[in-house]
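Undergrad: Pasted the sequence and its predicted model underneath.
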Amino acid sequence: MSLTEGHTVTHRRYVPHSHAHYGGNLVDGAYTLGLFGDVATELLIRTDGDEGLFAAYSTVEFLAPVHAGDVLEATATLVRIGTRSREIAFEARVVCRSAPHRGPSAADVLDPPVVVTRARGTVVAPGHP
């Protein structure tokens, strides 16, 4: 375990078509917030040896759409360490996107990735004996 500011954890996940809720295969913004919860959990396990509890988001910015068929990368970075609280900066990026105009399974790697969501949140780690 390493409790240091700047500690970062990253997850990648394919967005299945079953998560598209809107026209144009759009996925709701809550999808990235779910990813942030997952990546925060791993961050807390690595830094505190416990899954912790998510307390609140202080900011959430939805910057670009997420589509079914995207590959998302979600990153959590520890930015502040309190006695039991931890402030985390989150960013979700599309690193690959489907390209249906080229064929039903065609896709592109995005370089640079498209930032779709940024947020700040506070998690609470239980006290240690």
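TA: Nice, thanks for sending it over.
Undergrad: show me where this structure has helices.
TA: Ranges of helices in the chain, per DSSP state H, are 30-48.
Undergrad: Number of residues surrounding residue 80?
TA: By other C-beta atoms under 10 Å, the residues close to residue 80 number 12. Just so you know, the C-beta spots here come from the backbone N, C-alpha and C atoms, and that holds for glycine as well.
Undergrad: What sits closest to it if chain neighbours are left out?
TA: In this structure, residue 80 finds its nearest non-sequential neighbour in residue 87, 3.7 Å apart by C-beta to C-beta, 6 or more residues apart in numbering.
Undergrad: Also residue 126?
TA: With C-beta to C-beta, 6+ apart as the criterion, residue 126 has its nearest non-adjacent residue at 5.6 Å, and that residue is residue 50.
Undergrad: check contacts around that neighbour.
TA: Counting by C-beta atoms under 8 Å, 6 or more residues apart in numbering, residue 50 touches 44, 125, 126.
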